[in-house]
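> how would this look folded up:
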Amino acid sequence: SSSLAGGYYQLPKAAVCMFLNDVLYKLLQNAGEDKPLFVFFYETLENFYKQPFSPDFHLRFLVHCSRELGHCPIDNYQKNYVFNVQTAAFENCLKPKALQQEMSEYLHKLLNQAIFPTNQSELVPYPIRNVLLNCLLDFYNLHIIDLSKIQSLEVLRAVLHD
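Here you go, the predicted structure:
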């Protein structure tokens with residue numbers, strides 16, 4: 001059925017859903033009633049099912065979710081700045097490693113883009129996605145909630161490899 005094409009039954013979307021389920025389970029375990037947060041989760045996930053698959057959606061979700069939770073990375077990005085997970089800010093680095101610089105640039109872009117990309121050029125490339133995911137998980141572990149034991153992380157990585 002064509003109605004299933006955008007929903008649960010695509011393996012990549014299913015892997016992202018499993019991952020986000022694990023993340024949300026941890027986030028909401030001790031949460032009280034928060035209607036705006038619920039609306040964000042509900043509307044975002046409902047739209048995720050309707051939209052064409054975006055291989056960096058889980059990254060976009062984590063970035064936008066941190067904003068909804070009130071602890072978003074500080075977007076003070078400039079050229080040659082790299083993201084420091086401990087300070088939650090971009091910091092000047094005289095000789096940044098290329099991968100670290102590129103990851104920081106894409107984090108800055110995600111902080112300023114909509115949760116759903118408007119075109120293919122906005123997508124985070126595969127090698128950067130893995131580095132950025134590790135960075136975001138470290139950020140969450142330090143500033144929001146421990147996501148270190150996400151059971152579906154390896155499934156997500158295996159399914160989304162390019």
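> Now do residue 7, the pLDDT please.
Residue 7 carries a pLDDT value of 46.
> ugh, wrong one, residue 40
pLDDT recorded at residue 40 is 95.
> Quick one: the helices in this structure, in order.
With DSSP state H as the criterion, the chain has helices at 11-28, 35-50, 57-68, 98-111, 126-143, 153-159.
> Could you point out which of these sits nearest residue 75?
Closest approach to residue 75 among the helices of the chain is made by helix 98-111 (4.6 Å; C-beta to C-beta). Where you see a C-beta, it was placed from the backbone N, CA and C, and this is true even at glycine.
> still on that earlier bit, can you tell me which of the helices of the chain is most buried?
helix 57-68 (a mean of 20; mean count of other C-beta atoms under 10 Å).
> now it, how far from the chain's geometric center?
Mean-position distance between helix 57-68 and its chain equals 5 Å (C-alpha atoms, centre = their mean, to the nearest Å).
> Counting by contacts, list what that helix packs against.
helix 11-28, helix 35-50, helix 98-111, helix 126-143 (3 or more C-beta pairs under 8 Å, 6 or more residues apart in numbering; DSSP states H and E).
> how about the second one as CSV, C-alpha atoms only?
Right, helix 35-50. Once non-C-alpha atoms are left out, helix 35-50 reads as follows in CSV (Å, rounded to 0.1, in the frame of the first residue of the first chain):
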residue,chain,number,x,y,z
LYS,A,35,2.0,20.0,27.3
PRO,A,36,4.3,22.1,25.0
LEU,A,37,6.9,19.3,25.1
PHE,A,38,4.2,16.7,24.3
VAL,A,39,2.9,18.8,21.4
PHE,A,40,6.5,19.1,20.0
PHE,A,41,7.0,15.3,20.2
TYR,A,42,3.6,14.5,18.8
GLU,A,43,3.7,16.9,15.9
THR,A,44,7.3,16.2,15.0
LEU,A,45,6.9,12.4,15.0
GLU,A,46,3.6,12.6,13.1
ASN,A,47,5.3,14.7,10.4
PHE,A,48,8.2,12.3,10.4
TYR,A,49,5.9,9.5,9.3
LYS,A,50,4.4,11.7,6.5
